[in-house]
Each structure stands twice: as C-alpha cells, then as structure tokens.
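Colleague: here are the coordinates; sequence isn't available:
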C-alpha cells in the first residue's frame with residue numbers, strides 16, 4: 001500500500017519498490033513505474049497501484065477419480081504481474097488518493113481466476129485416473145497438467161499475469177478410504193512383527209537352555225573348587241596357628257625384657273629424683289633462713305627510723321603550736337572583752353558542724369527576746 005501524506009491541499013505519494021504506480025492527471029499519464037515518489041492534487045489525479053512481486057496462492061479443492069472416490073488436492077501457485085499497464089487496464093487496481101487503499105479487491109479476483117483455472121485442469125486429469133494411480137503418481141501428473149494448462153490459458157497473458165511455479169503438496173482420499181487402504185499394509189507389517197516375535201522367542205528358549213547347561217557346569221566346577229578351598233583353608237589355619245604361637249612366644253619374651261629394663265630405669269630415676277629433692281629442700285631452707293634474717297634486720301632498722309621521725313615530728317609540731325599560741329596571746333592581750341567574745345563566736349562558728357535546719361521553740365524565743373530587750377534598755 002502506498003504511503004500518502006497531506007500538505008496544504010497537495011498530496012504526496014511514496015510507493016514501494018515492489019509496487020508499480022500509474023498516475024493519470026486529467027486523463028494524461030503523468031507518472032508510471034515502481035518505487036515512485038511525487039506530489040499530486042487529489043481532484044485531478046487517478047492513481048493505480050499494481051504489485052509486481054512474486055505472490056503465493058494456496059488452494060484446496062476436491063476432485064473425483066474414475067472409480068468415484070473423492071480426493072482432496074492441496075496446491076500452491078506462484079505468480080507475478082509481468083505487465084502492470086495491461087493488468088491495470090483489465091482489473092481495477094485504483095487506489096484512494098487520500099488513504100492509498102485499493103478501492104476494490106483486485107488480488108481476490110486474480111486468486112479466483114487462478115484457482116478456478118487450476119481446478120479445472122486438475123479435475124480433468126483426476127476424472128480419468130483411478131484412486132490407486134492418483135495416490136501413487138497423481139501428484140506429478142496433476143502438477144504437470146495444471147502447469148501446462150495455466151501456461152496455455154490465453155486470459156492470463158491478456159491480463160498481464162505470468163505463472164512462476166506450480167506445486168502440488170498432497171492428494172488425500174477421504175479418512176475412511178485412507179484407513180481402508182492402510183489396512184493391508186498394516187496387516188502385513190503386523191504379520192512380520194508376529195513372525196519376528198516367534199523367532200525371537202525360539203532364540204530366547206535356545207539361549208535359556210544353553211544358559212542352564214552352562215550354569216550346571218559352573219555349579220559342578222564351583223563345588224570342586226570349594227572342596228579344594230576347604231582343604232587349603234585347613235592347611236592355612238594350621239600354619240597360621242603355628243605362626244601365631246611362635247609370634248606370641250617371641251612377643252612375651254620381648255615384653256618381659258622390656259618390663260625388666262623399664263623397672264630398672266624407673267628405680268634409677270626415682271633415686272635421682274629423691275637426691276635432687278633433698279638437695280633442693282636444703283637449698284630452699286638455707287635461702288629462707290637468710291631471707292628471714294635480712295627481713296628482721298630491715299624491719300628493726302625501719303622501726304627505729306620511724307620512731308626517731310615521729311619523735312622529731314611531734315617535737316616540731318609542739319614547738320610550732322606553742323609559738324602560734326604565744327603569738328595569738330600577744331596579739332589579743334590588749335583587745336577588749338567584747339572583741340574577744342566576737343572572735344570566740346567566729347571561731348566557734350567556723351568549727352561547728354553543718355546545720356541544715358534549726359527548730360526554735362516558743363520558750364527559747366521568748367527568753368531570747370526578753371534578753372535582747374533588756375540589753376537595749378541598758
């Protein structure tokens with residue numbers, strides 16, 4: 001289908017390489033060819049688009065053989081339009097100038113023409129052929145007859161159509177007839193299968209007999225070898241017992257020798273350990289005595305030094321307190337009694353513990369107020 005676009009009252013057509021476009025303007029051929037692209041006015045243009053590529057037409061139809069059996073024919077015809085001008089003149093390939101779509105269905109007309117023509121020639125050749133011959137050689141004969149008939153058909157060249165190839169895919173009878181035709185071959189195949197089964201069974205029986213004889217001979221040979229094996233096992237057992245006894249004797253002697261050597265070595269080791277322990281205890285006792293003596297001397301010297309230091313400190317503290325007391329007395333010797341009382345209260349307040357709360361009873365408060373009143377009067 002051609003691609004048509006609109007621009008300001010004009011139309012632009014862009015065709016495909018496999019489409020032959022014919023453009024008539026006011027009755028005159030303006031453009032003619034495949035893959036064209038041009039501007040035109042829709043009111044004065046007549047457009048037709050003819051496909052020039054190869055096209056496949058599949059067809060299926062029924063025919064009757066000379067023995068009145070119905071067969072289905074499946075065929076495919078490949079054709080192309082070799083003369084687009086003639087085809088456009090004989091068939092309506094005109095397209096809408098606004099959408100580019102065919103106004104009619106020209107390819108359906110071509111399909112109907114080709115199908116009816118091919119069917120006519122196929123029916124003619126199958127009507128003179130039996131069903132068996134049609135199933136054996138019917139595909140070739142129908143293909144050749146249809147190809148020859150289409151090539152000799154005068155209307156096709158007059159319409160600009162060229163037949164490229166004709167293929168007949170299958171000729172099939174009705175399902176019941178096809179099953180009936182398959183029955184003899186199926187029965188023959190079944191007979192061959194049965195004969196092969198019987199032969200296979202006979203061969204299997206013969207092989208089973210041979211296998212049974214071989215198994216019997218194998219059992220006899222196995223029994224004889226088992227007898228030899230029992231004798232050999234007895235001999236091997238006696239020899240193994242003798243070798244085990246000799247090995248046990250050698251092992252016992254080696255174990256006794258090893259035990260004696262271990263006992264001697266353990267005794268020597270115990271003596272050495274005892275001597276080493278005694279020497280170690282002596283050394284430890286000497287070292288402990290020396291350490292105790294040194295600690296006693298060091299403690300005595302430290303005690304003497306601490307006593308001297310404490311005595312010296314006490315003497316110095318006493319002297320410092322005496323000097324401080326004498327100085328304090330000298331300072332306050334000429335101070336009046338009220339000042340001394342105030343200082344005493346201050347020192348007392350500094351040395352008192354922290355008081356979070358004070359509870360004053362009415363009796364105490366009355367006494368204090370009375371005393372304050374008496375002092376003011378004085």
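Modeller: Done, it's in. None of these values were measured; they are calculated from a predicted model.

Colleague: so how far is residue 343 from residue 328?
Modeller: According to CB to CB, to the nearest Å, residue 328 and residue 343 sit 10 Å apart. To be clear about C-beta, it is placed using only N, CA and C from the backbone, and glycine gets the same treatment.

Colleague: Then residue 74 would be within a strand, right?
Modeller: Yes - the assignment for residue 74 (DSSP: H, G, I helix; E, B strand; the rest coil) places it in a strand.

Colleague: What residues are bridge-paired with it?
Modeller: For residue 74, the beta-bridge partners under DSSP bridges are residue 60, residue 170.

Colleague: Give me the neighbour count for it.
Modeller: 15 (other CB atoms under 10 Å).

Colleague: Equivalent analysis for the one 10 residues further on, please.
Modeller: By other CB under 10 Å, the residues close to residue 84 number 22.

Colleague: Now do the contacts for it.
Modeller: Listed by CB atoms under 8 Å, 6 or more residues apart in numbering, the contact partners of residue 84 are 20, 22, 50, 52, 160.

Colleague: Next up, the contacts around the third one.
Modeller: Contacts were defined as CB under 8 Å, 6+ apart; by that measure residue 50 touches 19, 20, 21, 22, 81, 84, 87, 88, 93.

Colleague: which of those residues lies closest to residue 269?
Modeller: If you rank those by distance to residue 269 using CB to CB, residue 19 comes first, at 117.6 Å.

Colleague: before we move on, which element is the closest residue to that closest one other than its chain neighbours in?
Modeller: Distance criterion CB to CB, 6 or more residues apart in numbering; nearest residue to residue 19, sequence neighbours excluded, is residue 49 at 5.2 Å. Assigned by DSSP states H and E, residue 49 falls within strand 45-51.

Colleague: Give me the distance between residue 147 and residue 58.
Modeller: 16 Å.

Colleague: With residue 134 instead?
Modeller: Residue 134 sits 20 Å away from residue 58 when distances are taken as CB to CB.

Colleague: Kindly report the same for residue 79.
Modeller: 12 Å.

Colleague: ok, the two, which is more surrounded?
Modeller: Neighbour tally, residue 79 and residue 58, criterion other CB under 10 Å: the higher count belongs to residue 79, 20 against 12.

Colleague: After whichever strand or helix holds the more buried one, which helix or strand is next? Please name it.
Modeller: For residue 79, the host element (DSSP H and E) is strand 70-81. With elements assigned by DSSP H and E, the helix or strand that comes after strand 70-81 is helix 84-90.

Colleague: Report the mean confidence score over the helix or strand following that next one.
Modeller: Sequence order places helix 106-126 as the next helix or strand after helix 84-90, per DSSP H and E. For helix 106-126, the mean per-residue pLDDT is 88.

Colleague: ok, and for helix 106-126, which residues are buried?
Modeller: Neighbour counts using 16 or more other CB atoms under 10 Å place 106, 110-111, 113-115, 117-119, 121-122, 125-126 of helix 106-126 among the buried residues.

Colleague: Likewise for stretch 140-148?
Modeller: Judged by neighbour count (16+ other CB under 10 Å), stretch 140-148 contains these buried residues: 141, 142, 143, 145, 146, 147.

Colleague: so can I have TSV of those residues showing pLDDT, secondary structure and distance to residue 266?
Modeller: Formatted as TSV, those follow (pLDDT from 0 to 100; DSSP: H, G, I helix; E, B strand; the rest coil; distance: CB to CB, whole Å):
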residue	pLDDT	secondary structure	distance to residue 266
141	85	helix	118
142	87	helix	117
143	87	helix	115
145	88	helix	122
146	88	helix	119
147	89	helix	119
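
Colleague: re the thing from before, now the angle from the strand holding residue 49 to strand 70-81?
Modeller: For strand 45-51 against strand 70-81, the angle by axes from the mean of the first three to the mean of the last three CA atoms, to 10 degrees is 130 degrees.

Colleague: Tell me which helix or strand residue 257 sits in.
Modeller: helix 175-331.

Colleague: Give the other helices and strands that that helix contacts.
Modeller: Helices and strands touching helix 175-331, by 3 or more CB pairs under 8 Å, 6 or more residues apart in numbering; DSSP states H and E: there are none.
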